[in-house]
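Undergrad: Fold the following, please.
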Amino acid sequence: MSNKTKYSMAFTTGCLFYSESLILTEEYNRIGDWTEVRKKSIDDNLLQCRTESSSKKMTGEIIKRLKCLSDEELNALINTNREEQCWLLWVAICKCYSFIRDFAVEVIREKYLSLYLEVTHDDYDNFFNRKADWHDELDKLSDNSRSKLRQVLFKMLVDVGILSKQHQIQPMLISESFIRTISRASREYLSVFPVSDNQIKEHLS
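TA: Residues are numbered from 1 along each chain as shown. Take a look at the predicted model:
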């Protein structure tokens, strides 16, 4: 069965891109135009890629994600600590890729709230198969592509700090300032983290 809103599954291009995202965000804060940032990144090889085609691909992917953040979130991205920077990049990824957002909310957060803290490949495969019943674009992916997407997603989750290397959900102490920054533009995206509603409400009351 098809669904009007298709999932984009183009997130095999790299993982979190922590350092590279900060470089491009700083350029955007200086220039104020993503088109010009893209041009400068490619012309000057800001991301230190080996080829121009790699530079174009990486720059395009990172900018696509960063454009999903509000100006306040982008400003926070270069003015906070590394932990919260990773969390902001996770918000950008979840905004850019609704498949990842749904996995974070429907699998990881639900497991956390139910006190089941291990996230397995089977959890991913079961989620993928459920979504494939409604998204024809998932059915068309090869087994190799499915495996690659799973690998990249789990690496992102470890890099962000949501999962340990053993794929256990990590307790997250999200600060009041972070919650308020996200809630002003993207309150619903607080649910992409393994935190309870009470934790969020405590900081917003």
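Undergrad: what packs against the helix or strand of the chain with the lowest mean pLDDT?
TA: One helix or strand of the chain scores below all others by mean pLDDT, DSSP states H and E: helix 197-204, with a mean of 73. Counting contacts by 3 or more Cβ pairs under 8 Å, 6 or more residues apart in numbering; DSSP states H and E, helix 197-204 packs against helix 176-186. For the C-beta atoms, the positions are set from N, CA and C on the backbone; glycine is no exception.
Undergrad: can you pull the buried residues of the helix or strand containing Glu73?
TA: Per DSSP states H and E: Glu73 is located in helix 71-77. Buried residues in helix 71-77, counted by 16 or more other Cβ atoms under 10 Å: 73-74, 76-77.
Undergrad: how about the residue positioned nearest the centre of the chain, what does it touch?
TA: Residue closest to the average C-alpha location in the chain (Cα atoms, centre = their mean): Ile93, at 2.5 Å. Shown here is Ile93, whose contacts under the criterion Cβ atoms under 8 Å, 6 or more residues apart in numbering are 11, 16, 65, 100, 156.
Undergrad: what about it, distance to Asn198?
TA: Between Ile93 and Asn198 the distance is 26 Å, computed by Cβ to Cβ, to the nearest Å.
Undergrad: before we move on, what about Leu46?
TA: Distance of Leu46 to Asn198, computed by Cβ to Cβ: 42 Å.
Undergrad: And those two? Which one has more around it.
TA: Set Leu46 next to Asn198 and count neighbours by other Cβ atoms under 10 Å: Leu46 wins out with 17 against 7.
Undergrad: Name the SS class of that one, please.
TA: Following DSSP: H, G, I helix; E, B strand; the rest coil, we place Leu46 in the coil state.
Undergrad: Can you give me the pLDDT of Thr5?
TA: For Thr5, the pLDDT comes out at 82.
Undergrad: Okay, buried residues for the biggest helix by length in the chain please.
TA: When the chain is parsed with DSSP state H, its longest helix is helix 143-160. Neighbour counts over helix 143-160 (16+ other Cβ under 10 Å) mark 146, 149, 152-154, 156-160 as buried.
Undergrad: Does Met9 touch Leu149 like I think?
TA: Yes: between Met9 and Leu149 there is a contact under Cβ atoms under 8 Å: 6.1 Å.
Undergrad: could you dump the contacts of Ile93 to TSV with secondary structure?
TA: Shown next, in TSV, are those (three-state DSSP):
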residue	secondary structure
Phe11	coil
Leu16	coil
Arg65	helix
Ile100	helix
Met156	helix
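Undergrad: Would you mind checking which of those residues is nearest to Val192?
TA: Ile100 (8.2 Å; Cβ to Cβ).
Undergrad: Cheers, nothing more for now.
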